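> how would this look folded up:
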Amino acid sequence: MLDLDFSARIRALRATYADIAAVTDLPRLEQEIVELEQQAAAPDLWDDPAAAQKVTSGLSHRQAQVRKLRGVENRLDDLEVLIELAQEADDADSAQEAADELGALEKLVQDLEVQTMLSGEYDDRAAVVTIRSGAGGDDATDFAEILLRMYLRWAEQHGYSTKVLDTSYAEGAGIKSATFEVEAPYAFGTLSVEAGTHRLARISPFGSADKRQTSFAGVEVIPLLEEATEVDIPENDIRVDVFRSSGPGGQSVNTTDSAVRITHIPTGIVISMQNEKSQIQNRAAAMRLLQTRLLLLQKEQEAAKKKELAGSVTASWGDQIRSYFLYGQQLVKDLRTGHESSQPDAVFDGDLDGFIAAGIRWRSLSKND
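Residues are numbered from 1 along each chain as shown. Next up is the predicted model:
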């Protein structure tokens, strides 16, 4: 007879799931879905596209959250039935299926548990991520482009919608900077632990001496705020420059001056946008991001807690959070949590969940200390 005594692990899973469901407040979520469905059914919903987008996005996010939570509960029930059938039939294949499903559920519940730690003011918002190359010449601009691909691949693997808003290409390899949006539930709370300076050590592909080269790139993460439109920006406070969108190597992507750069004179904040084809669209998108940054800045000043808001994150080298070693011992190591991976290629291909989860747990524990 097969020994499938998974009872202790299943009890632990059910206990953790009960805690998650309580913190998430499933009845409240389901009531919010009913209310949003009523709003979404209104015949005049799309008379105000911005409001309609907020309703449909909120509905979709809550429905996905409830499906995931209810799905765990159903899968736990099915797993117990599968274990019982496997034991009765003495079926090794069913036993292996049960073991695999138990492992998958433990991973899923662990991810859900981490999400319950995202309780910050803006954690449930979409995220705007900016990557900037730092010291290191061509290696740094190449590293910045590697990080951009890494985050886009991570989002793609999770089915999250992304939109590159602006890219400034380097004269040699890679990019000077890039800004992109991630539209997903808790995107900001999840990705905010990636903010800081990333360090790459490798044998440079751009030098002839085969020497180790260290380069840096800064990652900034801010929430996308709908209410940012409440921030009033006088025309006299901004300078708007238009220029031609460009691609790698300086090649023209757009033959008109459609790209927009807005400088907020009082604060020195600069926003560039070239993703859209028209100057009007790029200006509107740049203004929205500028309003978001200014709203965050206001809240920072009012609360006197700059380090607690993503808008205060800069690409200063003192904020180094992670090192990527591509020579000798292949290793990626987070300097805050100690989490590491011996497979940097997988990490650069988007395998970030372990680092992100460790970062969220570390942040949660740090706040409680």
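
> where in the chain is pLDDT low?
Applying pLDDT under 70 to the chain flags the ranges 1-4, 208-209, 226-230, 245-256, 302-319, 368-369.

> Helices of that one, start to end?
Using DSSP state H, the helices found in the chain span residues 7-24, 26-40, 49-89, 92-115, 137-157, 187-191, 279-303, 344-348, 353-368.

> Of the ones you listed, which is nearest Ile238?
helix 279-303 (7.7 Å; Cβ to Cβ). C-beta here means a position set from N, CA and C on the backbone, and glycine is covered the same way.

> Counting neighbours, what do you get for the residue nearest to Thr56 when sequence neighbours are not counted?
Nearest non-adjacent residue to Thr56, counting by Cβ to Cβ, 6 or more residues apart in numbering: Ala40, 6.0 Å away. For Ala40, the count of nearby residues is 14 (other Cβ atoms under 10 Å).

> same thing with the one 3 residues further on?
The criterion is other Cβ under 10 Å. On that basis, Pro43 has 6 neighbouring residues.

> do the same with Met150
Per other Cβ under 10 Å, the neighbour tally for Met150 reads 20.

> Now do it against Ile33, distance only.
Separation of Met150 from Ile33 (Cβ to Cβ, to the nearest Å): 34 Å.

> Wait, Asp142 touches Ala173, no?
Yes - in terms of Cβ atoms under 8 Å, Asp142 counts as a neighbour of Ala173; the distance is 4.4 Å.

> middle-most residue in the chain, spatially?
Centroid check for the chain by Cα atoms, centre = their mean gives Leu191 as the closest residue, at 3.5 Å.

> for that residue, what are its contacts?
Listed by Cβ atoms under 8 Å, 6 or more residues apart in numbering, the contact partners of Leu191 are 127, 129, 151, 182, 221, 356.

> got those as a markdown table, with distance to His264 columns?
Converted to a markdown table, the contacts of Leu191 look like this (distance: Cβ to Cβ, whole Å):
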| residue | distance to His264 |
| --- | --- |
| Ala127 | 21 |
| Val129 | 20 |
| Tyr151 | 26 |
| Val182 | 24 |
| Val221 | 20 |
| Ile356 | 31 |
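
> nearest to Trp46, of those?
Among the contacts of Leu191, and counting by Cβ to Cβ, the member closest to Trp46 is Val182, at 24.6 Å.

> Run through the bridge partners of the closest one.
Beta-bridge pairing of Val182 under DSSP bridges involves Ala127, Thr162.
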